[in-house]
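Novice: with the sequence up front, the predicted model follows.
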Amino acid sequence: MRLELAGITKRFGTLVANDHVSLTVEPGEIHCLLGENGAGKSTLMNVVFGMLRPDEGEVLVDGEVFRPSDSGEAVRRGIGMVHQHFMLVPLFTVAENVVLGFEPTRRTGILDRRRARSEIARLSEEFGLEVDPDATVESLPVGVQQRVEILKALHRDAQVLILDEPTAVLTPQEIESLFAIVRSLAASGRSVLFITHKLKEVMAVADRITVMRLGKVVGTTTPGESDEGGLASMMVGRTVELVVHKEPAQPGRPVLRLRNLTVADERGAVAVDGLEIDVHAGEILAVAGVQGNGQTELVEALTGLRPVVSGSIELDGTDMTGSSPEEMLRAGVAHVPEDRQRDGLVLAMSVEDNLVLDVYNRAPFARLGSRALDVVHANALEKLSAFDIRASSVESPVSALSGGNQQKVVVARELSREIKLLVASQPTRGLDVGSIEYVHRQIVAERDKGVAVVIVSSELDEVLALGDRIAVMFRGRIVGVVGPETGREAIGLMMAGSGAGAEDVGPVVPAGGRAPAGARAGRESS
Amino acid sequence: MTSGGEAAAPRAPRAWTVPLRKLAQANVAVVTLLSVVSALVLGAVLIIATTPAVLHAIGHIGSHPGRALGLTGAAVGDAYWAMFSGAIFSPSALGHVVSTGHGWVALFTPLSETLVSATPLVLAGLGVAIGFSTGVFNIGAQGQLIAGALAALYVGFEVQLPIGIHVPLVLLAGAAGGAAAGFVPGFLKARTGAHEVITTIMFNYVMLNLLDYLLSVSPFQQPGQSNAISRTMPATARLPHLFGSGLRANLGLLVALAAVAGAAWFTRRSTLGFSFRVIGLNPAAGKTAGIDARRVTVLVLVISGALAGLAGTASLAGTDFFLSSGYGGNIGFDAITVALLGRNRPVGVLFAGLLFGALDVGGRNMQAVTGIPLDLASVIQALIVMFVATPVLVREIFRLRGGGGGSSLQLATGGWGG
Amino acid sequence: MRAVRATAGAEVAEATGAAEVRIVSGGRVRGMGVFLVLLAALAILGFVLRVPAKAHATFLLTAPPAISVAPLTMSVRWTAGVLAVLCGALGVLLVVRRQQRGAYLLFGLGFALFLWAFLVWAARGAQLNFVEMLVTTLISTTPLVFGALSGVMCERSGVINIAIEGQFLAGAFLGAMIGSVSGDLWLGMLAGAVAGGLFGWLLAFLALRYAVDQIIVGVVIVAFCTGLTNFLTEQVLTPDQTTLNSPQTFAPIAIPLFDKIPILGPVLFDENIFVYLAAILLVVVHVGLFRTRWGLRVRAVGEHPRAAETVGIHVLSVRYRNVILGGVIAGIGGASFTIGSVGEFSSEMTAGLGYVALAAMIFGRWRPFGALGASLLFGFSVSLQSFLAVLNVGIPSPFLAMAPYVITIAVVSGLVGRVRPPAADGAPYRRE
């Protein structure tokens, strides 16, 4: 089936999210749509799925005008979508999720689970999508959840498949296996639209590439006609520096010592399993791993948000095990949380209030239980210029800021205290290139000031670019600590649990601090 | 939406956190006024539909149109006029004052009664509002009010002190009693996660039964009585009248006004109030920033309970002077609607409390004069809140253009929270 | 291609690995065990040691029309002692076992043993008609089941229905009035259903169309229904009580043969239509929610509305339908107050039971049979209260009246704790 977008324009007030966007996906083709966050890719997909109505332009399917009023209509027309945030009900089984909306039933209206199961088995076999139909989705790793999303689309007999940022949460090996699936889908005559902001993937999988920037199509090309650098400057609009500048680390005394640290998740199951590691002043330890292998719980334990089941956390010689978030914070731990909108900011509150969220009751921002609003205001103005935060006013709600500026508010707040340890989780997720560069520079600057830094990221590129040492986590354990010169393939295998020396890596503490050979690791914009 | 929220998609901020703009404020006032009007109109429909004589006349509107309209107008007009003159001001009382030079007390009695009736509503309403804006849904004002009144009564009859010390002590005891009753569900929520909607409702029934028990035993029961009636407040523990002995308006009113001012300072300027707001708007971010959400939960219910306790004390020591079964009536539940109508802002709660107090007092007069049950007042109150909570509906009914008037009322709680 | 296959293998390992979780904290289960042990200790102190050795309690086990059974006479000290020891043993088992599976069942059993011991103690030196007590339990339970099912219907689709109390009142009022005026009780029941459905619609209209906070709408609807029924009772019913507010009540329908079964017969098979209807609805809602296409879609809408929308399910229509149906169910439950038992409407006669039903639904974890269990517990404590008042056990009656509410608080805070409601419960839905 041929999907054609002809001159789609969509405005939100004064903002033009899509400006006369045109592109065509041919049957059997893998078409990559490349663009930064905020380029307007998701808006475009919402138009295809009838969630939004375009102000101008048409969607054509096999040459016919197609104006869906809801996503159900698009699905019935044979267009399937694999969403970035999976559209799966976590409590349902795989089978229930796959058949939802198109359920086989017996004559009595009772669900026919057997038929659902056999259908899934057939599709699994045909496209090599191995999955247990009776497993509850929330118990599955994200890579498998994504297969469920693909199965869901195939169950509805999708002829056009749209994958929205499908690799964001996968290991390199999972990505490879996804590419194989995508190729076999195209080989079966289906059209695939692959939306991403990662250049490597585009080069690896695309037949054709359309690049978007600020709502407009900048150009269409093929992997053969272009290279990563060229695509990057098309996407960003300027020449992009693909390197994080940083000097070799000068590790000092150990600031953070974890000994046999065990932490449980919500269900009471072991999430962090006997972790032992030291992080030194003036070094960045990057924690790599597929999401859901205990990184979140580790960060929460380090910041006092999650109780420690056993083991200890020592900060600069003081035992901090069992401390509250406030005690951790006062002891000099800064925390840039994974989800800034959920954990980092109070969106409805003003920029100035968000900048003192952690010190609102301390001098000079408060006296005798009363807030010093003028000091809070002055502080905000100062931070705005120091951290290059773009906001119309410090009194406007922080929700009115762009994602990059929101993250800068969090970073500015956390770095304003006297800190010994910086814990940053997915610090650049969803940011534009400019903000990513800025946040990275700030992190490296903190390291150079002698702060111990722990970065958790599921983006391998970021891990390689920032980490002085890289600890790979798998099922709550560190399966290995390596230098950034280690190849992507090797780290990828460790992320899948089958890495070199898995299970038996004790605390790896470099004596005297080795200067990683690959400290200037190449890094494409992401 | 655009991808990643990068394009600064403006989210609808919650109504009462947005810095007030004059225009929006004006629209809120318009919408509130229209809500009151709509509720009164529906109330009128209810009067007409339940008065047989009027219905009969309307049935014959073809033959006697004048009579039908006249009767309808009279029924509705009499009722609302009785309401107004009972709650605000009665021209006949003014006439009496003008002609005789006496009867000032009668002239101001309606207003005084409105203030008396509004006092506990404002106090308890403030407590509920503080809970709402912190994401805590305190439906237990009724029980906390009883607890406060019991504590105040105990200190009232058990301690002998001069009035200047006794009255503050009674108020303090009332607040402490309410706070204690608020502490229990707060503690349970913080420790075990038990949802306060359920625990506070259940506590209302526990307190009602506890009251029944205490009213039947020493030391609370009035000696020599077999009925469930408490001892009375001694003179030294009663709140002094503000405008002479003829009018019942008393010190409780000043307590309520002070509470409004205190609540305004608390939410805007205090550090504790700031932490409450943070937890109400985004508990996860609050925890990350080192605010102890459990402590906040307990404190919110303690403060909320203390205000409800003061409400009970104000009624007890201001006007009632003794307790009986089911004390407080609907004040606890009306406090919820008052808080909602006031959009959880202290000054808003003050005006909402005054309006509800006036409707209650007026409703009593309406029942006395026209025989229409005073429950009409509660129907009208509920309708007002319903309309105020749905400004878009009001704008559609009156075909108002443009936005403003606030968005649909959303609590900070967002579901069961858990 | 070989590399791909190798990684696929690694991923499968990962998939199975996710299932092997090591539980390190079973605090809740342990808490339940400790609670049972404490109850056992209480029983031994109160019901065994402080009771004269010769005291006996008699349970009557027969009520018409069942075949008569000999009364059961027990030595208080021995029976309560054995029961307490069993209860304590179950508690210890829970503490040692620490497993989630079956913990609730064991706890329920232990708690039942304690209650039995308590009853034996309460009936010392007297007679207790156990069958009558169960009958009263069922009668008190029935409206709660309707209310809780109403809640399940709404909340499974993602709408909080805190207005059950108001829908009860509306159903009770209109059921009584129409039943009285028409003389036809079925018409009365229908009127109750319509009244409840109307307020279900109002909840849906304000909460779904205008996205007003669902808890606010619920509270306002309760306030409105309370005011309105009070007003109409005074203004309309009271002046003409005999025509407007004197409906008949549904007579019990005995199911032939089954009603003769000892103990259970009079309890389960000689009840009025509301009890049978509640039982049928219970099964229908349960099967509907968990076995049918409709239920799958409803639950999807309640858990993840956006996902439901992407597969073409109309989120708002599903919610509208469910909230109105929920209102209808609550309205029928309301009618059971008047034309099911009392035979007339009186002001605020539902006495907060709508909220209790809500609590039962939460305690029942948003499941019909869970809600039934919670409702039964509450119904039993109501029945216990009235029987203990007769037995004169020396507990002041306000404390007995308090018991159901205290039990609900204890249960909600001690056992349920942080519950997991449908993920989208209470959140307004806007298409983007």
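Specialist: Happy to help now that I have it. Since the structure is predicted, the reported quantities are computational estimates derived from the model, not experimental observations. Residues are numbered from 1 along each chain as shown, chains lettered A, B, ... in the order given.
Novice: how is chain C divided into domains?
Specialist: As assigned by automatic domain parsing, chain C contains the domains C:16-125, C:131-432.
Novice: what sits up against the helix or strand harbouring C:T73?
Specialist: Using DSSP states H and E, C:T73 sits in strand C:72-75. Contacts to strand C:72-75, defined as Cβ atoms under 8 Å, 6 or more residues apart in numbering or on different chains, come from residues C:A55, C:H56, C:A57, C:T58, C:F59, C:L61, C:V120, C:F130. To be clear about C-beta, it is placed using only N, CA and C from the backbone, and glycine gets the same treatment.
Novice: buried stuff in that strand?
Specialist: Buried residues in strand C:72-75, defined by neighbour count with 16 or more other Cβ atoms under 10 Å in any protein chain shown: C:M74, C:S75.
Novice: surely B:V97 meets B:G103?
Specialist: Yes - assessed by Cβ atoms under 8 Å, B:V97 is found in contact with B:G103 at 4.9 Å.
Novice: please tell me how far B:V349 sits from B:A118.
Specialist: According to Cβ to Cβ, to the nearest Å, B:V349 stands 10 Å off from B:A118.
Novice: between those two, tell me which one has more neighbours.
Specialist: Applying other Cβ atoms under 10 Å in any protein chain shown to B:V349 and B:A118 shows that B:V349 carries more neighbours, namely 32 against 27.
Novice: surely that one touches B:L257?
Specialist: No - the pair B:V349 and B:L257 does not pass the contact test of Cβ under 8 Å, sitting 11.6 Å apart.
Novice: pLDDT weak spots in the chain?
Specialist: Defaulting to chain A. For chain A, the stretches flagged by pLDDT under 70 are A:239-243, A:498-526.
Novice: you answered for a different chain; I wanted chain C.
Specialist: Residue ranges of chain C with pLDDT under 70: C:1-27, C:98, C:414-419, C:431-432.
Novice: ok, now how distant is the spatially closest residue to A:R342 that is not a sequence neighbour from A:L305?
Specialist: Spatial nearest neighbour of A:R342, excluding adjacent residues (Cβ to Cβ, 6 or more residues apart in numbering or on different chains): B:A284 at 5.2 Å. Going from B:A284 to A:L305 by Cβ to Cβ gives 9 Å.
Novice: what about stretch B:87-104, distance to the chain center?
Specialist: With Cα atoms, centre = their mean, to the nearest Å as the basis, stretch B:87-104 stands 29 Å off its chain's centre.
Novice: and the contacts of it?
Specialist: Contacts of stretch B:87-104 (Cβ under 8 Å, 6+ apart): B:85, B:106-107, B:109-111, B:113-114, B:357-359, B:361-362, B:365.
Novice: for B:G174, state which of those residues is nearest.
Specialist: In terms of Cβ to Cβ, no member of these lies closer to B:G174 than B:G357, at 19.3 Å.
Novice: the one helix or strand that closest one maps to - contacts with which helices or strands?
Specialist: Per DSSP H and E: B:G357 is located in helix B:346-370. Under the contact criterion of 3 or more Cβ pairs under 8 Å, 6 or more residues apart in numbering or on different chains; DSSP states H and E, helix B:346-370 touches helix B:65-87, helix B:104-133, helix B:251-269, helix B:331-341, helix B:375-389.
Novice: got the buried residues for the longest one?
Specialist: This points to helix B:104-133. In terms of neighbour count (16+ other Cβ under 10 Å), helix B:104-133 has its buried residues at B:106-133.
Novice: with the third one instead?
Specialist: For helix B:251-269, a neighbour-count test (16+ other Cβ under 10 Å) marks B:L251, B:G252, B:L253, B:V255, B:A256, B:A259, B:V260, B:A263, B:A264, B:F266, B:T267 as buried.
Novice: the third one against B:L115, yeah?
Specialist: Yes - the pair B:L253 / B:L115 is scored as a contact, 5.3 Å apart, by Cβ under 8 Å.
Novice: reformat the contacts of stretch B:87-104 as a markdown table; add distance to A:T93 and pLDDT.
Specialist: Output for the contacts of stretch B:87-104, formatted as a markdown table (distance: Cβ to Cβ, whole Å; pLDDT from 0 to 100):
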| residue | distance to A:T93 | pLDDT |
| --- | --- | --- |
| B:S85 | 67 | 94 |
| B:A106 | 75 | 90 |
| B:L107 | 74 | 92 |
| B:T109 | 69 | 93 |
| B:P110 | 66 | 94 |
| B:L111 | 66 | 95 |
| B:E113 | 64 | 96 |
| B:T114 | 61 | 97 |
| B:G357 | 56 | 96 |
| B:A358 | 58 | 96 |
| B:L359 | 54 | 96 |
| B:V361 | 60 | 96 |
| B:G362 | 60 | 96 |
| B:N365 | 64 | 95 |
